[in-house]
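In: Below: sequence and its predicted model.
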Amino acid sequence: MKVLLVLIISFVLTTIISRLFISDWNLILSGNVAMMLMLWFASLGHFMFTKGMAMMMPSFIPFKVGLVYLTGVMEIILGLLLVINATRHIAGIILLIMFVIMLPANINAAIKHVDFEKATYNGSGTGYLWFRIPLQLLFIAWILYFSIGI
């Protein structure tokens, strides 16, 4: 998945840049910059594939398109707040809540075979969950370690 590549590659690059220019392995900063960049990349989907992302949500949820835009904006803002020491902890907590709340939409999308980029029901199906659920758990663990400090 693209977001995982963005997270890992940006973490490695920012860690190396930190070592070269600050003479320190600033893993906390690198981890938060990587998460910020991954969130910014993921937020693009909220604006480029709005219809498909709205299709991912369970039918009982109102204002789907508005929620897609809202969560895209929140990913941009919260990503930025992760790299500011004074706001890192609260941004991390809010992101944890978002990741947990977004998981049912991913499960629903897999059950309905939603291809969010094409806004069709021809997606990969429930096999997608074998990757998506562990990925969501990785994001949660990443935030707990790098942003909240647990």
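Out: Nice, I can see it. Numbering: from 1, shown residues only.
In: For the nearest residue to Arg19 once chain neighbours are set aside, which residues are in contact?
Out: Nearest residue to Arg19 in three dimensions, chain neighbours excluded: Trp25, at 5.5 Å (C-beta to C-beta, 6 or more residues apart in numbering). To be clear about C-beta, it is placed using only N, CA and C from the backbone, and glycine gets the same treatment. Counting by C-beta atoms under 8 Å, 6 or more residues apart in numbering, Trp25 touches 15, 18-19.
In: Could you check the pLDDT of Trp25?
Out: pLDDT for Trp25: 88.
In: Check the one 3 residues further on too.
Out: Reported pLDDT at Ile28 in the predicted model: 95.
In: Count the residues that sit near it.
Out: Neighbour count of Ile28, defined by other C-beta atoms under 10 Å: 15.
In: pretty sure it contacts Ile143?
Out: No. Under the criterion of C-beta atoms under 8 Å, Ile28 makes no contact with Ile143, lying 12.0 Å away.
In: Go through the contacts of Trp25 and flag which are in helices.
Out: Among the contacts of Trp25, DSSP state H puts 15, 18-19 in helices.
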